[in-house]
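Chemist: Return a 3D structure for these sequence lines:
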Amino acid sequence: MKFSIAYRHCRQLSFLQKAVKLEDRNMQRQIVKPAITAVRQASSHVPVKFVGQTPSSFVHDGWAGARLPFNVRNKWLFFTKATLFLASGIWAPFLVVEYQLRKANQ
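Modeler: Sure, this is the predicted structure:
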């Protein structure tokens, strides 16, 4: 009889110990899991929302070059302006160096 009471008491203790362990695990999950998800979300390099490359309010006027800040309809005028613009950018450093050398030699 004493053996069965001791056995029953031992089983109850092991059951209580398992229940306490389960409660500890659940509490750890409730504390640790939100912390882990918060860290994962904070260190993510993925953008929150994909916006895309194109502007959302794109206006298409029906012809190529409609949104350019210069007129491309007159090809000879465009050629002249583009040549002057590009040539001034290429020759500007040379002109500055020549000016500085002439100024230094006076």
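
Chemist: how about low-confidence regions in the protein?
Modeler: The chain contains residues with pLDDT under 70 at 1-22, 24, 28, 39, 42-62.

Chemist: residue ranges of the strands in it, please?
Modeler: Under the criterion DSSP state E, the chain carries no strands.

Chemist: Specify the residue ranges that define each domain of it.
Modeler: 1-45, 71-106 (automatic domain parsing).

Chemist: residues near Leu84, how many?
Modeler: By other CB atoms under 10 Å, the residues close to Leu84 number 10. (Glycine included, C-beta is placed from N, CA and C.)

Chemist: Kindly report the same for Val72.
Modeler: Residues near Val72, counting by other CB under 10 Å: 14.

Chemist: For Lys81, see how far away it is.
Modeler: 10 Å (CB to CB, to the nearest Å).

Chemist: all helices for this structure, in order.
Modeler: For the chain, the helices defined by DSSP state H cover 2-42, 75-105.

Chemist: what's the shortest one packed up against?
Modeler: Using 3 or more CB pairs under 8 Å, 6 or more residues apart in numbering; DSSP states H and E as the contact definition, helix 75-105 packs against no other helix or strand.

Chemist: So for it, what gets flagged as buried?
Modeler: By 16 or more other CB atoms under 10 Å, helix 75-105 has no buried positions at all.

Chemist: Make 454 the first number, not 1, from now on.
Modeler: Fine by me, first position is 454 from now on; the one you just mentioned is helix 528-558.

Chemist: where does Ala517 fall, phi/psi-wise?
Modeler: phi -70, psi 140 (degrees, to the nearest 10).

Chemist: before we move on, what about Arg520?
Modeler: phi -100, psi 10.

Chemist: Just give me the neighbour total for it.
Modeler: 10.
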